[in-house]
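In: pasting the structure only:
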């Protein structure tokens, strides 16, 4: 008897018309037929010979091709036994901080050197995004970045409007003095180009397009998918965009996301402790993809991010919570096809509700 042993870091996610085979160690994924997923699940407890007998000798070639694919991609191996030592991979998720990622919008004259931000920086923050929609003097950007000098923040992304002050050399020099600043995006630049630094671990992006306040986030596309053990595990029970996120919009209001309307006070007169104690602030942290219409049938649901700021507005539950698919997703898991979400006639009412017509016309 021969048995196919699939490594514990390789996980199957079944969708409506296709399945996803994820290698969480090599951070790769493969779309496979649902028939293949069914065979692989059966092979987990049965020999190759038993599988062929169950699914029919006439399907032997197909079954063997599925096994060969797993072997070719180094996702498993054949053996005379089921190896008991290959214990299932735990998908439990937790973090050492009540807030792990932060978005801070800023405009000219904004000062974040206040108690609320100092309390926030005392946490174990993984990532901070600094975002501006207007030109900011370079000196003010330097001053803002200086707040993080002695913090525990692991990575910083800076998004701001281009001006002549933000030359390529100046940005490079800035990034070389602070390795946490690993991405700089300058919108409204004269020319679009991307510069990779430090063996491609950091980048500077000059973009000709303008950044529209709070309208351009929430895009769902394959280039944003992540097959990491961290995201895959977090997605089992949590929302992959809003979980443990805190944002402050350009007017200083504390939100889950700057694009969402609901706020929980102003950072100048609200304490971080009060925010973290507010059940309303945490309410979307546990809205995972399995609880969102259409997404729950999608094979990409555990490698994808989510958006609760812009949705199709088609499924509001009895508690008034929006469980609709993200508006800016063009994937149909029932037909296994991608389309331009902005041109879908069924999304036009939602596009109008969010007043996105001008944004789409200029895209």
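Out: Looks like it arrived, so ask away. Note that the structure is a prediction, hence the values are computed from the model and not measured.
In: tell me the contacts of the most centrally placed residue in the chain?
Out: Centroid-nearest residue in the chain: residue 305, 3.5 Å away (criterion: Cα atoms, centre = their mean). Neighbour list for residue 305: 220, 224, 240-241 [criterion: Cβ atoms under 8 Å, 6 or more residues apart in numbering]. In this view, the C-beta of every residue, glycine as well, is placed from N, C-alpha and C.
In: Next: residue 253.
Out: Taking Cβ under 8 Å, 6+ apart, one finds 263-267 in contact with residue 253.
In: For residue 128, what are phi and psi?
Out: Dihedral pair for residue 128: phi -130, psi 130, per degrees, to the nearest 10.
In: in terms of contact, does it touch residue 148 like I think?
Out: Yes - applying Cβ atoms under 8 Å, one finds residue 128 in contact with residue 148, separated by 6.8 Å.
In: Name the residue in these two with the higher neighbour count.
Out: Each of residue 128 and residue 148 has its neighbours counted (other Cβ atoms under 10 Å); residue 128 has more, 23 against 19.
In: quick one on the thing from earlier: overlap of the contact sets of residue 128 and residue 148?
Out: What both residue 128 and residue 148 touch, as defined by Cβ under 8 Å, 6+ apart, is the set residue 156.
In: Enumerate residues external to the helix or strand containing residue 140 that contact any of its residues.
Out: Residue 140 belongs to helix 138-146 when elements are defined using DSSP states H and E. Defining contact as Cβ under 8 Å, 6+ apart, one finds that helix 138-146 is touched by 106, 108-110, 112, 130, 156, 158, 160, 163, 165-166, 170, 174, 178, 181.
In: Please repeat the previous calculation with a cut-off of 7 Å.
Out: Helix 138-146 is touched from outside by 106, 108, 112, 130, 160, 165-166, 170, 178, 181, with contacts defined as Cβ atoms under 7 Å, 6 or more residues apart in numbering.
In: now do stretch 321-331
Out: Applying Cβ under 7 Å, 6+ apart, the set of residues contacting stretch 321-331 is 218-220, 291-295, 298, 306-308, 310-317, 338-341, 347, 350.
In: how about a cut-off of 6 Å?
Out: 218-220, 292-295, 307, 310-317, 338-341, 350 (Cβ atoms under 6 Å, 6 or more residues apart in numbering).
In: what do you get for stretch 200-210?
Out: For stretch 200-210, contacts defined as Cβ under 6 Å, 6+ apart pick out 171, 175, 182-189, 192-196.
In: quick one: low-confidence ranges for the stretch 251-363 of the chain?
Out: The stretch 251-363 of the chain contains residues with pLDDT under 70 at 361-363.
In: Quick one: the strands in it, in order.
Out: Secondary structure of the stretch 251-363 of the chain (DSSP state E, counting those that start in this stretch): strands at 254-255, 331-332, 337-338.
In: ok, the first one: who's next to it in the sheet?
Out: What it means is strand 254-255. Applying DSSP bridges, strand 254-255 is found paired with strand 245-248 (antiparallel).
In: With the second one instead?
Out: Strand 331-332 has these partner strands in its sheet, going by DSSP bridges: strand 337-338 (antiparallel).
In: Can you pull out the residues in contact with the partner strand?
Out: Under the contact criterion Cβ under 6 Å, 6+ apart, strand 337-338 has outside partners 330-331.
In: and that strand, how far out from the chain's middle?
Out: Offset of strand 337-338 from its chain centre (Cα atoms, centre = their mean, to the nearest Å): 19 Å.
In: start at 56 instead
Out: Okay, residue one is now 56; in that scheme the one you just asked about reads as strand 392-393.
In: Is there a quick PyMOL command that grabs whichever of the contacts of residue 360 are buried?
Out: Selecting only the buried entries of the contacts of residue 360 in PyMOL, with 16 or more other Cβ atoms under 10 Å as the criterion:
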select buried, resi 275+295+296
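In: min pLDDT across the contacts of residue 360, which one?
Out: Ranked by pLDDT, the contacts of residue 360 bottom out at residue 279, which scores 92.
In: Residue 86 in helix, strand or coil?
Out: strand (DSSP: H, G, I helix; E, B strand; the rest coil).
In: Which residue, other than its chain neighbours, is closest to it?
Out: Counting by Cβ to Cβ, 6 or more residues apart in numbering, residue 73 is the residue found nearest to residue 86 once chain neighbours are left out, at 5.2 Å.
In: Return the per-residue confidence for residue 143.
Out: Note for residue 143: predicted pLDDT of 88.
In: any idea how far it lies from residue 103?
Out: Residue 143 sits 21 Å away from residue 103, going by Cβ to Cβ, to the nearest Å.
In: who has more neighbours, the two?
Out: A side-by-side neighbour count of residue 143 and residue 103, using other Cβ under 10 Å, places residue 103 first with 17 against 8.
In: you'd agree that one is up against residue 57?
Out: Yes - using Cβ atoms under 6 Å, residue 103 is in contact with residue 57, at 4.5 Å.
In: Now do stretch 106-120: everything it contacts.
Out: Residues outside stretch 106-120 that contact it (Cβ under 6 Å, 6+ apart): 94, 97-98.
In: switch to 10 Å and redo it
Out: Counting contacts by Cβ atoms under 10 Å, 6 or more residues apart in numbering, the residues outside stretch 106-120 that touch it are 57-59, 88, 90-91, 93-95, 97-98, 100-103, 121-122.
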